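Asker: just the structure for this:
(2 chains)
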Amino acid sequence: MALDRQLEILAVCGVGMGTSLMLKMTAEDALRSLGVDARVENTDVSSARGMSPDVVIGQGMHTSEIADLAPVVITISDFLDKEGLEAQLREHLTAQGWLS
Amino acid sequence: MTSHAGGATPQTPRQRPLVTATDKVSAGDWREAVRKAASALVDAGAAGAGYPDACVRVVEENGPYIVLTKGLALVHARPEEGGLAVGVGVTRLAAPVEFGHPDNDPVDLLLAFCTPDPDAHVGTLAALARALSGGLADRLRAASGEDDLTRTLKEAVPND
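Answerer: Numbers count the residues shown, from 1 in each chain, chains lettered A, B, ... in the order given. Alright, predicted model coming up:
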């Protein structure tokens, strides 16, 4: 890994405890498949504004509000689509040099 | 309601979630669908009377993001809006409704949950997420009726 620390990933939704928790689980599965060492947290959009993660994942209606929060912002619409999220993570993390 | 008075370890308030199921529910729009899905948790004693309206407000204020995959909405609000116990309910609609989600409409299946604090539900919801990844939504859609819905949902959220 080009990154010498754990990747910080934030799953966001409106309330920050239901849907984003589902997304966190999907993200953890996808990251495991990619072999990426990462810590995934979930929260609501308002709380997310005070954080500085490496990657933000959420639905478009939320990621559009926090598009500048992280170097990588990933928008997905199906929170259970592990393969789709894995493909997006692979593309973005590779582009950042965090995944080789 | 479950009654395990004194049976659980005091330090671990983890308990079997209350599970409910309602079938062939008619709803004219997403608000009615959400309200009815959440009302099942109120009827089961898992949530207070204000919970259904709070669940509607979550969507009004934050958008239809609770439609987390094709045809399925995860109905919920914050614990302080009336969560009394960890509860999970499935509601199958007689006819699907539109939430205004860009990709995942129309919705025919609602999973409602409530929790008394921000942590008590994590194990239950994690189990639910794993089950959904393993095809739970289709098993719920194929269930023969309310009893079968309850049984299928209970299998997905075991008492861990």
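Asker: need the residues of chain B near chain A, please.
Answerer: Residues of chain B lying close to chain A by Cβ under 8 Å from any Cβ of the partner chain are B:58, B:61-66, B:68-70, B:74, B:76-79, B:101-104, B:113, B:115, B:118, B:121-122, B:125-126, B:128-130, B:132-133. Backbone N, C-alpha and C define where each C-beta goes, glycine included.
Asker: just the ones of those residues in helices?
Answerer: B:58, B:61-62, B:122, B:125-126, B:128-130, B:132-133 (DSSP state H).
Asker: residue of chain B nearest chain A, please.
Answerer: Taking Cβ to the nearest Cβ as the measure, the point where chain B comes nearest chain A is B:Asn62, at 2.8 Å.
Asker: which residues touch that residue?
Answerer: Going by Cβ atoms under 8 Å, 6 or more residues apart in numbering or on different chains, B:Asn62 touches A:13-15, A:45, A:61-62.
Asker: can you give me the strands for chain A?
Answerer: Taking DSSP state E, the strands of chain A run over residues A:7-13, A:38-44, A:55-58, A:72-75.
Asker: so for B:Ala21, which of these sits nearest?
Answerer: Closest to B:Ala21 of the strands of chain A, according to Cβ to Cβ: strand A:7-13, at 24.8 Å.
Asker: in its sheet, what does the closest one sit against?
Answerer: Using DSSP bridges, the strands paired with strand A:7-13 are strand A:38-44 (parallel), strand A:55-58 (parallel).
Asker: now find how far off-centre that strand is within its chain.
Answerer: Mean C-alpha position of strand A:7-13 versus that of the full chain (Cα atoms, centre = their mean, to the nearest Å) differs by 4 Å.
Asker: the lengthiest helix in chain A near chain B anywhere?
Answerer: Using DSSP H, we find that the single longest helix of chain A is helix A:19-34. Yes - contact of helix A:19-34 with chain B is found when judged by Cβ under 8 Å from any Cβ, involving A:19, A:21-23, A:25-26, A:29.
Asker: which residues touch residue 88?
Answerer: You didn't pick a chain, so chain A it is. Listed by Cβ under 8 Å, 6+ apart, the contact partners of A:Gln88 are A:74, A:76.
Asker: sorry, should have said chain B
Answerer: Taking Cβ under 8 Å, 6+ apart as the test, what B:Val88 contacts is B:17-20, B:111-113, B:124, B:128, B:153, B:157.
Asker: residue contacts, B:Thr124?
Answerer: B:Thr124 makes contact with B:17, B:86, B:88, B:113, B:115, B:157, according to Cβ under 8 Å, 6+ apart.
Asker: lovely, talk soon.
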